[in-house]
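Chemist: pasted the sequence and its predicted model underneath.
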Amino acid sequence: MRKQHPRTHNALAGLLIGVTCILPGASGGVLAVSFGLYRPMLEAVMHLFREPKRHLQFLFSLGIWIAGGIVLGAVCLSGAMAQYEQLMLFLFTGLILGGVPDLLNEAQQHERFRFSWLFSLAAGILIALPLCLLNGQGTVVEHLSPIQSFATGLLEGIGTVVPGVSTSLVLIRLGWYPAYLAAVSGMAIGQLVPIAAGFALSAFACMHMAQRLFDRYTGHAYYAVLGFLLVSVAVVFPGFTLNRELWAQLGMLIMGVTVVRLMGHLET
């Protein structure tokens, strides 16, 4: 049975996960892990018909907040947030790091630590390492075609379910990111429908595979996710600058860690 979280926890977590789906370098799946919602989301989708009312209520409520976070992130990134992108990256670095202790505790809930889990950690790092190569930007498109919109949805589904995968970095590399922001912030239905369809397809497929791994190889799965998280931190972390902005950077980093730790105390 999935762990219960109060509505306040899920609402704040959903908003932050949604914003993270938009923020370059960050991963929605990473924050889902940090906030203790990753396994509950998987179980709710894969066991939907066992307790449909309870699971649908949880998924619908969380999905609304995530969608709101995506729209909020798109609107902000289209304007003011662009000026504070580096500070936001410090905040999200803190949000990621703050969830690591809970991730390690979750891995050892059902069995003791095994040395072989470190091989899964190394495998997770190696699998996620290509994210570090996603620099630069392709030819920018002004409007997403139906195929590009569907492909964007596929990438968003993968990035939401697979911790450490930043969809935004991939879209920037393809040159689709500005058009994606414009479609979401402008509520362009013609582009949002194929995006939603691609998201649902890839998210369900990834959730099915992830659930099987967590059910059969719990410790190994969590340590592989930890490997994704470590690479994600390396991608997101912009590096400190030794000037008057240093204190603001440290403050945002500490704020991110503190938010996740405090949210852990909201659990029932």
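Modeler: On my side now, so go ahead.

Chemist: hey, C-alpha coordinates of stretch 86-97 in PDB?
Modeler: C-alpha atoms of stretch 86-97 as PDB (Å, rounded to 0.1, in the frame of the first residue of the first chain):
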ATOM      1  CA  GLN A  86      20.800  30.500 -12.400                       C
ATOM      2  CA  LEU A  87      19.300  31.100  -8.900                       C
ATOM      3  CA  MET A  88      16.400  28.700  -9.800                       C
ATOM      4  CA  LEU A  89      19.000  26.100 -10.700                       C
ATOM      5  CA  PHE A  90      20.500  26.400  -7.200                       C
ATOM      6  CA  LEU A  91      17.100  26.000  -5.700                       C
ATOM      7  CA  PHE A  92      16.400  22.900  -7.700                       C
ATOM      8  CA  THR A  93      19.800  21.500  -6.900                       C
ATOM      9  CA  GLY A  94      18.900  21.800  -3.200                       C
ATOM     10  CA  LEU A  95      15.500  20.200  -3.900                       C
ATOM     11  CA  ILE A  96      17.300  17.200  -5.400                       C
ATOM     12  CA  LEU A  97      19.900  16.800  -2.700                       C
END
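
Chemist: what residues does that stretch touch?
Modeler: 16, 20, 23, 25-26, 30-31, 34, 81, 229, 232-233, 236-238, 248-250, 252-260 (C-beta atoms under 8 Å, 6 or more residues apart in numbering). Placement of C-beta: from N, CA and C, glycine included.

Chemist: which parts of it are buried?
Modeler: 87-97 (16 or more other C-beta atoms under 10 Å).

Chemist: quick one: pLDDT of the spatially most central residue of the chain?
Modeler: Centroid-nearest residue in the chain, with C-alpha atoms, centre = their mean: Gly28, separated by 1.0 Å. pLDDT, Gly28: 72.
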